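1. need a structure here:
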Amino acid sequence: MKKLKIVSMLLAAAVSLMGLTACSGGNEGGGDTVSADSYKVGVIQFGSHPSLDNCYQGIEEALKASPISDKLDIDLQNGNFDAATCDTIAKNMAAKKYDIIFAIATPAAVSAYSAAANTDVPVVFCAVSDPIAAGIVEDMDAPGGSCTGTADELDFDAQTELIKALQPDVKKIGVLYTTSEANSVSHLSKFREIASSKGIEVIDQGVQGAADIPQAAATLAPKVDCINNFTDNNVVASLTVVLEQANAAGIPVYGSEVEQVSNGCIASISIDYVALGRATGDVGVRILGGESAGTIPVVRFSEGTPVVNTEVMERFNIALPDAYANAEKVTTNTEAAE
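-> Take a look at the predicted model:
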């Protein structure tokens, strides 16, 4: 009888150990609610506009094309352009020990970084133009900690040359930006420096949020020869309002990527945000495979291609210069413009 009891106890212990193993995450520091052969993947998208939607599309494509695609449980949540909402989502994901958190746009990345700071949950950001200024990496080549990702570095020199080519007499360029968004503050400083070197004055109008944009755009438009958009999330999400005020003042608006041009901007030097998303997803797959986020350099996207909206150019009676004859040509997406 004693031998039988001992065997029974050993069997019970073995079953218990197997249960614990099955509940551990597939990645070290991963979720304790998924099996050893699956990964809980959180995605926080700051808000929904074409650029950020394209980022998620690319991330999803990379994850689904990876060797572990059948092991991924993806939880996409939208912050609706509200930092507090992103904070709540991020804290929940970190508390549940997701295996990895992707964060699209700077405010979402800051939320994810803060929530995961005292955990072993890695964070991979997408479309953060200046992650050092945002305080989420120590160095672009050696991020440190458990956070890395991709940066969209806008080519302001090429953008300014494009504006000058379409409007040779341009003297003043207007910029709307969110004062609390680190990317936008950094962009404004760089753009002003480059424009100034070309004899162009940048006139900026700061906003606290989307509610400020109608009045800010109405104030700015009559003062400038054109408006240039960055990837400021509040401004991009309110592009229709900006275009209305610019059209009323008889000036064009320049975008920062192809979707903005398709939605009514006249032109841009455009980064491919789907490709940026794919690169972000690839980084995440490497981390799930065992690499440390802090040792993976931030992937930088800076090379853009010219895109022009032929309908908007015609409306402003602007001819396409020979130097941009090979630019991608689009027409206005009427559904988005409404």
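
2. Downstream of the helix or strand of the chain with the lowest mean pLDDT, the next helix or strand is which one?
-> None of the helices or strands of the chain scores lower by mean pLDDT, DSSP states H and E than helix 2-23, at a mean of 38. Using DSSP states H and E, the helix or strand that follows helix 2-23 towards the C-terminus is strand 39-45.

3. packing partners for that following strand?
-> helix 50-64, strand 72-78, helix 83-95, strand 100-104, helix 106-116 (3 or more C-beta pairs under 8 Å, 6 or more residues apart in numbering; DSSP states H and E). All C-beta atoms are positioned from the backbone trio N, CA, C, and that covers glycine.

4. Relative to it, what are the paired strands and their orientations?
-> strand 72-78 (parallel), strand 100-104 (parallel) (DSSP bridges).

5. hang on, the earlier thing: hey, which of the helices and strands packed on strand 39-45 is tucked in deepest?
-> strand 100-104 (a mean of 32; mean count of other C-beta atoms under 10 Å).

6. Helix 50-64 and that one, what's the angle between them?
-> If you take axes from the mean of the first three to the mean of the last three C-alpha atoms, to 10 degrees, strand 100-104 sits at 150 degrees to helix 50-64.

7. now strand 100-104: how far from the chain's centre is it?
-> 10 Å (C-alpha atoms, centre = their mean, to the nearest Å).

8. CA atoms of it as CSV?
-> The C-alpha trace of strand 100-104 is given here as CSV (Å, rounded to 0.1, in the frame of the first residue of the first chain):
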residue,chain,number,x,y,z
ILE,A,100,4.9,41.3,-26.9
ILE,A,101,3.3,44.7,-27.4
PHE,A,102,3.4,46.6,-30.7
ALA,A,103,2.7,50.3,-30.5
ILE,A,104,1.8,52.4,-33.5
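
9. ok and it relative to helix 106-116, angle-wise?
-> Using the same axes, to 10 degrees: strand 100-104 against helix 106-116 is 160 degrees.

10. Give me the residues contacting strand 100-104.
-> 27, 30, 39, 41-46, 52, 55-56, 59, 86, 90, 93-94, 109, 111-113, 115-116, 121-127, 149, 277, 280-281, 284, 287-288 (C-beta atoms under 8 Å, 6 or more residues apart in numbering).

11. For the stretch 101-250 of the chain, which segments count as helices?
-> In the stretch 101-250 of the chain, the segments counted as helices under DSSP state H, counting those that start in this stretch are 106-116, 156-166, 182-197, 213-220, 233-237, 239-249.

12. So which bits of the third one are buried?
-> What it means is helix 182-197. Using 16 or more other C-beta atoms under 10 Å as the test for burial, helix 182-197 gives A182, N183, S184, V185, S186, H187, L188, K190, F191, R192, I194, A195.

13. Sketch out the low-pLDDT regions of the chain for me.
-> 1-36, 334-338 (pLDDT under 70).

14. still on that earlier bit, Serialize the buried residues of helix 182-197 to TSV and add fields for distance to S270.
-> What follows is those, written out as TSV (distance: C-beta to C-beta, whole Å):
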residue	distance to S270
A182	22
N183	17
S184	18
V185	22
S186	19
H187	15
L188	20
K190	18
F191	16
R192	21
I194	18
A195	19
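
15. thinking S114 is in contact with A90, fair?
-> Yes - using C-beta atoms under 8 Å, S114 is in contact with A90, at 7.1 Å.

16. first to last residue in stretch 58-76, what's the distance?
-> As for stretch 58-76, its first-to-last residue distance stands at 13 Å under the measure C-alpha to C-alpha, to the nearest Å.

17. now stretch 208-217
-> End-to-end for stretch 208-217, by C-alpha to C-alpha: 13 Å.

18. contacts for it?
-> 81, 176, 178-180, 205-207, 227, 234-235, 237-238, 241-242, 244-246.

19. Could you rerun that using 7 Å?
-> 81, 176, 179-180, 205, 207, 234-235, 237-238, 241-242, 245 (C-beta atoms under 7 Å, 6 or more residues apart in numbering).

20. Give me the distance from that stretch to the chain's centre.
-> Worked out by C-alpha atoms, centre = their mean, stretch 208-217 lies 21 Å from the chain centre.
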